[in-house]
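Q: Mind folding the following:
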Amino acid sequence: MACRISELVIDCREPERLAAFWCDVLGYQVLGREEDDVEIGPEAGWGGLQPTIVFSRTDQPKTEKLRLHFDVNATDRDQDEELKRLLDLGARPADVGQTGEESWHVLADPEGNEFCLLRRRLTP
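A: Below is the predicted model of the structure:
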């Protein structure tokens, strides 16, 4: 038997703010709150094929590039339209040493956590 990723936990300074941002990006909803943590996930809730994300409060600032990051793909628009939507939600371009020739965009969420917008559109 194998394991499956059920939750991703992200330490952050403002769990509510990041939860709202990522709910908008992924079409997720808030599933629960416990102390200073906020858990978001798909409408189906816990235990489905997609992992939930827990934003856990920390006072430690982010100081370097993440060793793990999200890659996201648009489901209902092309990459340029999705890039505009993500920037309008509060993402901003991030430089992690890319050359400018990549087929993806490197962005940062409101707390500076890097993620990539890939070119290929996925089915919802």
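
Q: Now do the contacts for the residue most central in space within the chain.
A: For the chain, the residue nearest the mean C-alpha position is residue 22 (5.2 Å; C-alpha atoms, centre = their mean). By C-beta atoms under 8 Å, 6 or more residues apart in numbering, residue 22 lies in contact with 28, 40, 53, 55, 109. The C-beta positions use only the backbone N, C-alpha and C, and glycine is treated the same way.

Q: What of residue 112?
A: Per C-beta under 8 Å, 6+ apart, neighbours of residue 112: 62, 94.

Q: before we move on, back to that, against residue 97, how distant is the residue nearest to the centre of the chain?
A: 24 Å (C-beta to C-beta, to the nearest Å).

Q: Repeat that for residue 32.
A: Residue 32 is 37 Å from residue 97, by C-beta to C-beta.

Q: who has more neighbours, these two?
A: In this view residue 32 and residue 97 are compared by other C-beta atoms under 10 Å, and residue 32 has more residues nearby, 13 against 6.

Q: Surely the more buried one is in a helix?
A: No. Residue 32: not assigned to a helix; according to DSSP: H, G, I helix; E, B strand; the rest coil it is strand.

Q: That one contacts residue 39, correct?
A: Yes. Residue 32 is within contact range of residue 39, at 4.8 Å (criterion: C-beta atoms under 8 Å).

Q: Phi and psi next, for residue 18.
A: With angles defined as degrees, to the nearest 10, residue 18 sits at phi -70, psi -40.
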